[in-house]
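# Test case, fold it:
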Amino acid sequence: MEKIAILADTASDIDIDIAKDLGIYLLPLYVNLDSRYFKDRVEISPDEFYGWVRENNSLPKTSAPSPGDLTKLLEEIKNDGYEKVIMISLGANFSSTYNLFNMINIEGLETYVFDSGSLTMAEGCFALYAKELIDKGLSFDQIKDKLEEKRTDSKVFFTLDTFKYLVEGGRVPRTFGKIGNALSVKPIITISPDDNHFKLLKISRGEKKVLKEFRKIALNELENIKNYYFFIGHGGFEEGSSKLEEAFSDIIANAKKYCNIQISPTLGANTGPGLFGFGLFKLD
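You can find the predicted model right below:
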């Protein structure tokens, strides 16, 4: 039987303890706060990060892991007895991590790099799915094929308390940010499966309407789908996450896997605090 490992970056938002229990290796990205670099989720927690952003009213810089970090982790995987590794990456349009994954080769370790085309648990679900396939005894090549088949079946939808940080990061036009804040509207944003960029799906006025739209989107996505993973996440806005859990209680109850997460610092550096949303991974 092939010895296959799973590696994902920390932008996948897989909880470190869950990753350890499942045997999934995590490679941290970096956050630069006050000219000091911190490893995402290892040396800085989401709570500490969002607290810093609020206190300083600005977004820090982020960076991909170093070649040395990845080399060290791959050597560890090899020393743990693995012959092959499936590497799940943050979308290539959001980070250079995907390119890094393709750069490093370790003698005696066969690798396959999968561009999730997405972020947060929409990326992480691919890692959880791949681990499930390993546990079922599928081969390396079979798992690669299954991941490719599921490329467009992992989705994320979220809203923001303010456009301020997306505008500062160049994610939306400045004029749109001014209008959005002036009208007190909330965007519903997803990742386009066509070009793997942020896509403005809808605009709603007020949080109650956003919650209704979220539920409509989820029910539409899961129509005729019996098996799925589901996740809810927030970036420094636990109240929004709680409201989603209440709105999605039936959907959560029927999910094969469910995760409630806090968005990692490296992703929160693009959106700022006040984000909340959900995602799903279709297994059928």
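# Now the residue nearest the centre of the chain. Nearest residue, chain neighbours left out?
For the chain, the residue nearest the mean C-alpha position is Thr120 (1.0 Å; Cα atoms, centre = their mean). Closest residue to Thr120 apart from its sequence neighbours, by Cβ to Cβ, 6 or more residues apart in numbering: Asp13 at 4.6 Å. (Each C-beta comes from the backbone N, C-alpha and C, glycine too.)
# which residues touch the one you found?
Taking Cβ atoms under 8 Å, 6 or more residues apart in numbering, we find Asp13 in contact with Thr120, Met121, Glu123, Gly124, Gly233, Ile261, Gln262, Ile263, Ser264, Leu267.
# Checking my notes, the second one in a strand, right?
The one in question is Met121. No: counting by DSSP: H, G, I helix; E, B strand; the rest coil, Met121 falls outside a strand, being helix.
# Roughly how far does it sit from Lys39?
Distance, Met121 to Lys39, using Cβ to Cβ, to the nearest Å: 20 Å.
# out of those two, which sits in the more crowded spot?
When Met121 and Lys39 are compared for neighbours, Met121 comes out ahead with 30 against 17, by other Cβ atoms under 10 Å.
# isn't that one right up against Phe158?
No: counting by Cβ atoms under 8 Å, Met121 sits too far from Phe158 to count as a contact (11.1 Å).
# Report the set of residues contacting both of those two.
Gly233.
# my guess is the residue nearest to the centre of the chain meets Ala11, correct?
Yes: counting by Cβ under 8 Å, Ala11 is a contact partner of Thr120 at 7.0 Å.
# Overlap in contacts, these two.
Taking Cβ under 8 Å, 6+ apart as the criterion, Thr120 and Ala11 both touch Ser264, Leu267.
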